[in-house]
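Enquirer: what's the 3D shape of this:
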Amino acid sequence: QVQLVESGGGLVQAGGSLRLSCAASGRTFSINTMGWFRQAPGKEREFVAAITWTVGTPYLADSLKGRFTISVDKSKNTVYLQMNSLKPEDTAIYYCNADTGTLGIYWGQGTQVTVSS
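Expert: Prediction:
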């Protein structure tokens, strides 16, 4: 199994920045990609970003390119989501996940991000 713990959420004013962290533990050698999703109240969970575990190739939702970046620190088994120029519509619970392929997909507990106008 893989355990994921997110941190870094909070309340920020529009235009501000936050960096989310997702620390992985357990069978991290089985991870293929790690990603971030978000779910706003009354909306479906949506893809934000992903990164390949070994090479670190990033993928971002088109609508977030230029404001969000994803990175990985293998020495810490941690993936980061840097969010800049935040907007009220970025308010959501942000979830980290790890895709291990045949061993399944694991999710963190989520971290709340609230952007005030």
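
Enquirer: For the rest of this, base every contact and every neighbour count on C-alpha atoms.
Expert: Fine.

Enquirer: middle-most residue in the chain, spatially?
Expert: Centroid check for the chain by C-alpha atoms, centre = their mean gives Trp36 as the closest residue, at 2.9 Å.

Enquirer: what's the neighbour count on the spatially closest residue to that one that is not a sequence neighbour?
Expert: Nearest in space to Trp36, with sequence neighbours left out and distances taken as C-alpha to C-alpha, 6 or more residues apart in numbering, is Cys96 at 4.6 Å. By other C-alpha atoms under 10 Å, the residues close to Cys96 number 30.

Enquirer: Let me see the ranges of the strands in the protein.
Expert: Applying DSSP state E to the chain gives strands spanning 2-7, 10-13, 18-26, 33-39, 46-52, 58-60, 68-73, 78-83, 92-99, 105-107, 111-116.

Enquirer: what's in contact with the last one?
Expert: Read that as strand 111-116. 6-14, 86-95 (C-alpha atoms under 8 Å, 6 or more residues apart in numbering).

Enquirer: Any of those residues buried? List them.
Expert: Buried members of the contacts of strand 111-116, scored by 16 or more other C-alpha atoms under 10 Å, are 6-7, 9, 12, 14, 86-87, 90-95.

Enquirer: mind putting the residues you listed in TSV, pLDDT included?
Expert: Output for those, formatted as TSV (pLDDT from 0 to 100):
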residue	pLDDT
Glu6	96
Ser7	96
Gly9	96
Val12	98
Ala14	98
Leu86	98
Lys87	98
Asp90	98
Thr91	98
Ala92	98
Ile93	98
Tyr94	98
Tyr95	98
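
Enquirer: All set, thanks.
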